[in-house]
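1. below are the sequence and a predicted model for it; my questions follow.
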Amino acid sequence: MPGAWWYRFSIVVASVFFAVMALIATFAFGDKSAEEMPGWLPEVFHRKISLGLDLQGGMHLILQAKIDKAINDKLDAIADTIVEDLKAAKKGEGVKWSAVDNFRRIDFPTAEAKDYAIKELMPRYGRVNKYEETATSFKIGFTDDERNAYGEDVMKKIVETLNNRIDEFNVKESKVGRRGRDQIIVELPGISETKDLLQVEEEMKKTFGPALTRYGLLGEGGDKAMGYFTRKVTRAEIQAVFNRTRIGLSDVTCTGPDDNYACTLMLQSLAKKRFGTTARLEFRMVNDEATPLKDLEGKLPAGVEYAMGRYQKPDGGSTSYEYVTAKNRDVLESFLRDSALVKPPDGYEYLVETDKDNIGETVYRSVLVTKTVALTGDTINDARVAQDTDNMGGYFVSLSFDATGARVFEELSGRNIGKRMAIILDNTVQSAPVFQARIGGGQARITLNSDISLERSLQDAQDLAAVLRAGSLPADVEVIFKREVGPSLGDDSIKAGIQSIVVGAALVFIFTVIYYKLSGMVAVLMLILNIGLILACMALFEATLTLPGMAGLLLTLGMAVDASIIINERIREEIAAGRGPRQAVTLGYEKAFSAIFDANITTLLAAIILYQYGTGPIRGFAVTLSIGIFTTMFTGVSASRLFMDYMANNRGDKPLSI
């Protein structure tokens, strides 16, 4: 045989080898991670085809963004900055601001201070306007158009940040889109909470045994559950159960007599922790010198107690500080927020920190922090998980700041040696370490709950590091709707899709072989190779297969059959015109090529447009179709020509089987 034939034959063999190797991970080791793949399989072939939400199931979330609150928080921050800048300029003694509907009124001690703020400070805030000016005050706020424009900016940043988080968690074929002014739709294939929630129920039964008479979820959201017990149980006992699962426990409220003790459990799902948290990280100084709570003993509501704490300073002395504590977070937060008895000093507010009491039960306590944010998570360069060898091997999140953050953190620590700094995540104090010395190098850490399993500690640390790397959301978001696409729907969809492909392919194969005989068998082999190459390319690029993608496979199959029919009919025409087998094959392929090429190029252009302007499933269809066009040209024109040339060269004067 000519050398060119062997060269083309080796290309076809190589393509078959590539298809087999690329699909081993998907079909033979589909449930294994890249680290669990066999050593003999090259790393490039560890990639697999993912299934979309319509095939494997997953999570459908609707998030509500609190746009108006974000706009008002922006005004608060601007008012705070104006006050601080006035104080820095020695003109702010006695200046204060207050909220008036959607405006912030700033009262100045003198007309000179007001004029300075208007002339020197207000130009820094382009979108903020001045209203209702008096001799010693004015209001700041946004116009309706400016509020809408700022809201649009916030929503764009939320969508961008959510996409970044999804990339961090490696969720394939996800979808994040807006709905209306302040809602976001998130689709997360492969994210399922059913198994996690069932594990919680099994752990509850295993831990409490007969003492647990009934346990179940309330509603369809999976965010609240009820447990009924024949004895009193503590939050620590229930928390220990959740520490062995991936579902978080945000609060527990128990009531009733000892023999019918009912506990309401507020759950925090994995999806909510990853995509529904704001992840706003702040560093603020703690005020341990003020004592606005000391006269409240005897006036505190039930469940709230007054206490004192103490810590050592680096110079050998110590600092005592006051706080109030409770076992129910809602009770403590409500008291600190709503009680007329709580009067923090100007410029300060109370936040809540989670802690452990002497017997290991979870308690909550107040921390008095400045309203001025010294440093935010926007200055974080990286967040990584590390293991604390000095703390029972628990995990923490190590933070590194950019140049600006490192400089501010070093100055902050240098000015406040011997004082506490609160590390605040989503308005909750994670920890409040004491500055022992000036800290350079731009490094900090967030220590997580150590009273959980190492596996759970690692998972929590990885999740927190991922959301911090992706960035904080510019507004609070709330999960208002959550629906899980069950696996049964995915299985039915897969079965129906595969059945349609198998039945369609079988009918095409039978017709092709009957009508075109041996040439039809060559066409069938090329169709099988075509499908194999499409799936192999999808695996290599870690593409996602959806139901529209399956439709793309069927369409590709039809186009490949069409190419085979055109070629075989052209060969038949040449044979009818008296050509020999070799000449008939050569002319048949030459005359068929232009029609096949034009049809595939036109389809490729349509697929590119679909990918450019489509979303989610439409893109999946376009990707599958595009890959199929290239594989069809290879198998239908080049590879099939190889076998047809072989048949023609070995037929002699005998007619082709076509």
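-> Thanks, I have the structure now.
2. and residue 531, how close does it get to residue 505?
-> Look at residue 531 and residue 505: by CB to CB, to the nearest Å, they are 8 Å apart. The way it works is simple: take the backbone N, C-alpha and C, and place the C-beta from them, glycine included.
3. residues shared between the contacts of the two?
-> Shared contacts of residue 531 and residue 505 (CB atoms under 8 Å, 6 or more residues apart in numbering): residue 557.
4. just the helices in the stretch 351-500 of the chain please.
-> 403-415, 454-470, 487-540 (DSSP state H, counting those that start in this stretch).
5. buried residues in the second one?
-> For helix 454-470, a neighbour-count test (16 or more other CB atoms under 10 Å) marks 456-461, 463-470 as buried.
6. ok, now the first one?
-> Buried residues in helix 403-415, counting neighbours by 16+ other CB under 10 Å, are found at 405, 406, 408, 409, 410, 412, 413.
7. next, the contact list for the last one, please.
-> Contacts were defined as CB under 8 Å, 6+ apart; by that measure residue 413 touches 421, 435, 437, 438, 439.
8. would a markdown table of the residues you listed with pLDDT be doable?
-> A markdown table is the format used below for those (pLDDT from 0 to 100):
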| residue | pLDDT |
| --- | --- |
| 421 | 90 |
| 435 | 86 |
| 437 | 84 |
| 438 | 85 |
| 439 | 84 |
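9. quick one: which of these is most hemmed in?
-> Highest neighbour count within these: residue 421, with 22 neighbours (other CB atoms under 10 Å).
10. and of the buried residues of helix 454-470, the nearest to residue 347?
-> Using CB to CB, residue 468 is the member of these that lies nearest residue 347, at 27.2 Å.
11. correct me, but the closest one touches residue 281?
-> Yes - assessed by CB atoms under 8 Å, residue 468 is found in contact with residue 281 at 6.3 Å.
12. quick check: neighbours shared by those two?
-> In contact with both residue 468 and residue 281: 377, 380, using CB under 8 Å, 6+ apart.
13. pLDDT score assigned to residue 276?
-> Residue 276 is assigned a predicted lDDT (pLDDT) of 68.
14. same deal with residue 519?
-> Per the predicted model, pLDDT is 90 at residue 519.
15. now do the contacts for it.
-> Contacts of residue 519 (CB under 8 Å, 6+ apart): 568, 571, 644, 647, 656, 657, 658.
16. which of those residues are buried? Put it as a PyMOL command.
-> Those of these that count as buried under 16+ other CB under 10 Å are selected in PyMOL with:
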select buried, resi 568+571+644+647+656+658
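17. rebuild the contacts of residue 519 as JSON lines, extending it with secondary structure.
-> Shown next, in JSON lines, are these (DSSP: H, G, I helix; E, B strand; the rest coil):
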{"residue": "568", "secondary structure": "helix"}
{"residue": "571", "secondary structure": "helix"}
{"residue": "644", "secondary structure": "helix"}
{"residue": "647", "secondary structure": "helix"}
{"residue": "656", "secondary structure": "coil"}
{"residue": "657", "secondary structure": "coil"}
{"residue": "658", "secondary structure": "coil"}
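18. looking at the contacts of residue 519, spot the one nearest residue 76.
-> Distance to residue 76 across the contacts of residue 519 (CB to CB) is lowest for residue 568, with 75.3 Å.
19. and the closest one, how close does it get to residue 596?
-> From residue 568 over to residue 596 (counting by CB to CB), the distance is 12 Å.
20. quick check: closest non-adjacent residue to the residue nearest in space to the middle of the chain.
-> With distances taken as CA atoms, centre = their mean, residue 166 lies nearest the centre of the chain, 3.0 Å away. Spatially, and ignoring its direct neighbours in sequence, residue 166 is nearest to residue 174 (4.6 Å; CB to CB, 6 or more residues apart in numbering).
21. what packs against the host helix or strand of residue 319?
-> Using DSSP states H and E, residue 319 sits within strand 318-326. Judged by 3 or more CB pairs under 8 Å, 6 or more residues apart in numbering; DSSP states H and E, strand 318-326 is in contact with strand 304-312, helix 329-338, strand 362-370.
22. in its sheet, what does the first one sit against?
-> Sheet pairing here is set by DSSP bridges, and for strand 304-312 it gives strand 318-326 (antiparallel).
23. contacts for the strand it pairs with, please.
-> With contact meaning CB under 8 Å, 6+ apart, strand 318-326 is reached by 286, 288-289, 291, 293-294, 296, 300, 303-313, 332, 335-336, 355, 363-368, 418-419.
24. could you rerun that using 6 Å?
-> For strand 318-326, the surrounding residues in contact (CB atoms under 6 Å, 6 or more residues apart in numbering) are 288, 291, 293, 303-312, 332, 363-366.
25. quick check: angle from it to strand 362-370?
-> Calculated by axes from the mean of the first three to the mean of the last three CA atoms, to 10 degrees, strand 318-326 forms an angle of 120 degrees with strand 362-370.
26. average model confidence for strand 318-326?
-> For strand 318-326, the mean pLDDT works out to 92.
27. repeat for stretch 289-306
-> 87.
28. tell me how far the ends of it are from each other?
-> 16 Å (CA to CA, to the nearest Å).
29. run through who's touching that stretch.
-> Here stretch 289-306 has contacts from 322, 324, 325, 326, 328, 331, 335, 341, 343, 344, 345, using CB under 6 Å, 6+ apart.
30. okay, those in TSV with distance to residue 607 and neighbour count next?
-> Formatted as TSV, the contacts of stretch 289-306 follow (distance: CB to CB, whole Å; neighbours: other CB atoms under 10 Å):
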residue	distance to residue 607	neighbour count
322	68	17
324	64	22
325	63	19
326	61	23
328	58	18
331	59	16
335	61	20
341	68	14
343	66	9
344	62	17
345	65	13
